[in-house]
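**Student:** Give me coordinates for this.
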Amino acid sequence: MRHLRVPKRETQTVFEAILRAGFLAPRARILHDGDFTLVPVDDDAPPQLGDEFAHFEEVEAEQPEVEPHKWIDHLKVILPEDTIEEFGEFWGNSQEIMGDLLVFRIEREVDQFKQEVAIAKLMHAKKARLALCDHGVEGEFRVRQLEPLALRIGADILDLEQIARLDDEERQEQLSTRTMVREHMRSIRIDPNKAYYSIRLGAERWRTVESAEKLREIIGRPLSVADPYCGVGPAIVHLIKRRGLVGELLASDLNPDAVDLLFDNLHRWGAPNMPKESAPLSEVSPGWRVGVADALTLAQDVDLVGSFDLLLVNLPHDTMEHLPHLLPMLRRGSPTLVRGWVVAADDDLPELNSHLVQLLHPVLDGYPIPSLEKRRQYNATEWLCRFEAWLEL
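**Tutor:** Residues are numbered from 1 along each chain as shown. Here you go, the predicted structure:
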């Protein structure tokens, strides 16, 4: 392809001039050539571009192959076009990138092509190592059921048949779902095969920090924070990284695998005396209680009753049932804050809001009565909702 060889400092000026003249090659890139750049010229441009460009050298250069902009463009290389058109409405785009994992859902109408979909998605997501199909959450701890379907090793993408040919040790290592994610400049160790985590809730965790800082301004001291459904600790990392925001802390979860990752994360975030593997809730440092615990029994410990300024209740399917068991842990005679999340259908919101009003009172003077606010669609019929209750008990 024809290119004009232009000193770097003149690139923008020449680019705009060629564009105005109608000589710029569409969908081609400006290339680097030492202290020069190569500006692409349309093949249909005249042999002589005119006096404005006459003093620039014209050279031939190969343009790099243009990468598809969407994962489904890669699928067109793998499946016949008529197949893609036949199932066009079902391909969807539901996926999450978690560290080097690509987790996606697939409609049952195209489930027969999930292997091809996984390969196409991995071809498109250059930094992803492993593509897994998400079959939903199961069990007491609501852990994702993930099916590995495609694996990147170096420059190669392996399908299930090729993965099966790896020796047992390498296959186990390569299919590990333990990874590191970055969220608002913080690193968090996760394993979605063992403990629930969603990067889509990152904005909610950041708003928790904003509300916590507001509460600290009101009470004038570091907060005593309780997160009894903390998982691997994504909400906690943002709180403890704010200087002077957290004083005492309770971080617990019923899932031992989640607590194992929590200990790893807290250790990397600088918390001292972290156990090396999951253990029952205990005071690991003065004022810091961390470990495996059933949230429903925490208020039976007299040391925890009336101890916390900020309570996080992130068990969306059971929050309303658990909330009465947790409220005794809130501090009396001082402003407190409860932030919680609930999965609910539109028709259920009025009744749930009425229940919230009955549970969460008296409200701090000047603050609104708590109510559920729809944050995002959870499924076809339900919403993930959030409430924030500013109280003075």
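
**Student:** Which residues are in contact with P316?
**Tutor:** Contacts for P316 were tallied using Cβ atoms under 8 Å, 6 or more residues apart in numbering; they are W341, V342, V343, Y378, L384. Where C-beta positions appear, they are placed from N, C-alpha and C, glycine not excepted.

**Student:** immediately after the helix or strand where I236 lies, which helix or strand?
**Tutor:** Under the criterion of DSSP states H and E, I236 resides in helix 234-240. Proceeding N to C from helix 234-240, the next assigned helix or strand is strand 246-253, under DSSP H and E.

**Student:** Tell me the buried residues in that following strand?
**Tutor:** For strand 246-253, burial by neighbour count (16 or more other Cβ atoms under 10 Å) applies to V246, E248, L249, L250, A251, S252, D253.

**Student:** closest to R268 among these?
**Tutor:** Nearest to R268, judged by Cβ to Cβ, of the buried residues of strand 246-253 is A251 at 14.4 Å.

**Student:** How about that closest one, nearest residue that isn't a chain neighbour?
**Tutor:** With sequence-adjacent residues excluded and distances taken as Cβ to Cβ, 6 or more residues apart in numbering, A251 is closest to C230, at 4.5 Å.

**Student:** can you tell me which residues contact the one you found?
**Tutor:** C230 neighbours (Cβ under 8 Å, 6+ apart): I236, A251, S252, D253, A258, L262, L312.

**Student:** wouldn't the fourth one be in contact with Y229 here?
**Tutor:** In this case it means D253. Yes. Applying Cβ atoms under 8 Å as the test, D253 and Y229 come out as touching, 6.2 Å apart.

**Student:** Could I get the buried residue list for stretch 374-389?
**Tutor:** By neighbour count with 16+ other Cβ under 10 Å, stretch 374-389 contains the buried residues R375, Y378, E382, W383, L384, C385, R386, F387, E388, A389.

**Student:** hey, where'd the helices end up in the stretch 251-393 of the chain?
**Tutor:** According to DSSP state H, counting those that start in this stretch, the stretch 251-393 of the chain carries its helices in the segments 256-268, 319-326, 349-359.

**Student:** Minimum distance to L304: which of those has it?
**Tutor:** Closest to L304 of the helices of the stretch 251-393 of the chain, according to Cβ to Cβ: helix 319-326, at 10.0 Å.

**Student:** following the lengthiest helix in the chain, which helix or strand shows up next?
**Tutor:** Criterion DSSP state H: the longest helix present in the chain is helix 202-219. Scanning forward in sequence from helix 202-219 by DSSP H and E, the next helix or strand is strand 223-227.

**Student:** I'd like the mean pLDDT over that following strand, please.
**Tutor:** Average pLDDT, strand 223-227: 98.

**Student:** Note down every partner strand of it and its orientation.
**Tutor:** Sheet pairing of strand 223-227 (DSSP bridges) gives strand 246-253 (parallel), strand 310-313 (parallel).

**Student:** Using CSV, write out every CA atom in the shortest one.
**Tutor:** The reference is to strand 310-313. Taking C-alpha atoms only, strand 310-313 is exported to CSV below (Å, rounded to 0.1, in the frame of the first residue of the first chain):
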residue,chain,number,x,y,z
LEU,A,310,-21.2,0.4,59.4
LEU,A,311,-23.0,-2.9,58.5
LEU,A,312,-22.8,-4.4,55.1
VAL,A,313,-25.4,-7.0,54.2
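
**Student:** average model confidence for that strand?
**Tutor:** On average, strand 310-313 scores 98.

**Student:** So what touches it?
**Tutor:** Counting by Cβ under 8 Å, 6+ apart, 208, 212, 215, 223-230, 235, 319, 322-323, 326-327, 329-330, 336-341 sit against strand 310-313.

**Student:** re earlier: same question for the longest helix of the chain, mean pLDDT?
**Tutor:** Rounded mean pLDDT across helix 202-219 is 95.

**Student:** what does that helix contact?
**Tutor:** Contacts for helix 202-219 (Cβ under 8 Å, 6+ apart): 183-184, 222-223, 225, 234-235, 238-239, 242, 244-245, 309-310, 312, 334-337, 339, 341, 375, 386, 388.
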